[in-house]
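Novice: Compute the structure for the input listed below.
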Amino acid sequence: MWPIRVELSASRYPARLRWAALAITGAALMFSALPLSVAALAGLAAMVLARRWRLPLPRAVEVAPQGLRLELADRRRLEVSPPFRVLMRPGWLALHCPGYGWVWLFADQGSAAALTPLRQVLWMQRSR
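Specialist: As a prediction, this is how the structure comes out:
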């Protein structure tokens, strides 16, 4: 039964997060007391940074009680062993990979049935 390989699709949430961050930054710059030229320059810098910003999202996950193997969207491969540092919410989860940072998984990347083994292993092997 183990390991179970879960293939994941692309998510629409990172683009939404990027647009929300740009909207909040734009509103803060508009209501700030900065001169227009400085606010425009800061807004341009925020747009450039938001364009390059990418959340690390997995394309495939191999789940086993002994650990996880992640294949990220940028073709990197990571291995994580228990205990897992994980944040689980109904619409997403974030897994801490030592030496790399946080990897995000959103609910629209896979079906609930496909993600159940991953959630079970993460829940049972998490660090407290």
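Novice: what's the span of stretch 68-80, first residue to last?
Specialist: 5 Å (C-alpha to C-alpha, to the nearest Å).
Novice: Could you list the residues in contact with it?
Specialist: Contacts to stretch 68-80, defined as C-beta atoms under 8 Å, 6 or more residues apart in numbering, come from residues 3, 10, 54, 56-62, 67, 81, 84, 95, 97-98, 100, 103, 118, 121. Yep, even glycine has a C-beta here, placed from its N, CA and C like the rest.
Novice: Stretch 104-123 too?
Specialist: With contacts defined as C-beta under 8 Å, 6+ apart, stretch 104-123 is touched by 4, 6-14, 55-58, 61, 63-65, 68, 84, 86, 88, 90-95.
Novice: Give me the buried entries from those residues.
Specialist: Buried by 16 or more other C-beta atoms under 10 Å: 6, 8, 11, 13-14, 55-58, 61, 63, 68, 84, 86, 93-95, out of the contacts of stretch 104-123.
Novice: Quick check: closest non-adjacent residue to Pro3.
Specialist: Computed as C-beta to C-beta, 6 or more residues apart in numbering, the closest residue to Pro3 that is not its neighbour in sequence is Ala64, at 4.0 Å.
Novice: now Glu62, what's its secondary structure?
Specialist: Classification of Glu62 using DSSP: H, G, I helix; E, B strand; the rest coil returns strand.
Novice: Can you give me the neighbour number for it?
Specialist: Applying other C-beta atoms under 10 Å, we find 17 residues neighbouring Glu62.
Novice: any idea how far Cys97 is from the residue lying closest to it once chain neighbours are set aside?
Specialist: Leaving aside its chain neighbours, Glu62 sits nearest to Arg69 (4.1 Å; criterion: C-beta to C-beta, 6+ apart). Distance from Arg69 to Cys97, counting by C-beta to C-beta, to the nearest Å: 11 Å.
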